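# got a predicted structure here, sequence first:
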Amino acid sequence: MYIMEKTAHCYKKKILMQNDKYYIILWMLLAFSLSYCRADNNITIKGFNQTAWQRDSLGCLRTRESMGKVLQSNMNVLIGHSSSELKAFLGSPNIIHTRESVTIYTYFLEPGRQCHDKNWKEKGYTECLQILFFIEKDKIKVMDLIYP
């Protein structure tokens, strides 16, 4: 940082070396704390195969059926995470529905209309086992299973 100091008829730069050190240390601490917090917010669930879940994007391969039970039994791990963290963990939801201040992410867990009808979105919801995440203020609040 520099301060212009007026002396007689000219200005000269006065270097504030000590304050520069403090600013550098503060910026380093801030950068470290942000990167440290970011790593803690990733969702991890023991016994959950994230790759297999995302590969079965519509639930047609029946891979997601048993994995839905793993998610349900680990609901406490998921509550409080952001929608972007959920998408990074599970992939894009099959259906996104927003009503007032709540957004609902729906993921299909088993085969239904979505597996054999390409126009299933226009015809409405598919009747199959689904897992729903209720998101309010960009944080997961509740999770529920919907049975056909």
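Ah, there it is. Numbering: from 1, shown residues only.
# name the residue closest to the centre of the chain, please.
In the chain, the residue lying closest to the centroid (Cα atoms, centre = their mean) is residue 85, at 1.6 Å.
# residue 78 is in contact with that residue, correct?
No: counting by Cβ atoms under 8 Å, residue 78 is not a contact partner of residue 85; they are 9.0 Å apart. For glycine as for every other residue, the C-beta is placed from the backbone atoms N, C-alpha and C.
# who touches both of those two?
Any residue near both residue 85 and residue 78 by Cβ atoms under 8 Å, 6 or more residues apart in numbering counts here, and that gives residue 43.
# now the strand or helix carrying the residue nearest to the centre of the chain: average pLDDT?
Per DSSP states H and E: residue 85 is located in helix 83-90. Helix 83-90 carries an average pLDDT of 95.
# list the helices and strands that helix packs on?
helix 50-55, strand 102-108, strand 130-136 (3 or more Cβ pairs under 8 Å, 6 or more residues apart in numbering; DSSP states H and E).
# after the shortest one, next one along is what?
The one in question is helix 50-55. With DSSP H and E, the next secondary element past helix 50-55 is helix 64-73.
# for that next one, packing partners?
Identification of packing neighbours for helix 64-73 by 3+ Cβ pairs under 8 Å, 6+ apart yields helix 50-55, strand 130-136, strand 139-146.
# repeat the analysis, applying 7 Å as the threshold.
Under the contact criterion of 3 or more Cβ pairs under 7 Å, 6 or more residues apart in numbering; DSSP states H and E, helix 64-73 touches strand 139-146.
# returning to what we had before: counting neighbours, which bits of the helix holding residue 85 end up buried?
Buried positions in helix 83-90, judged by neighbour count with 16 or more other Cβ atoms under 10 Å: 83, 85-86, 89-90.
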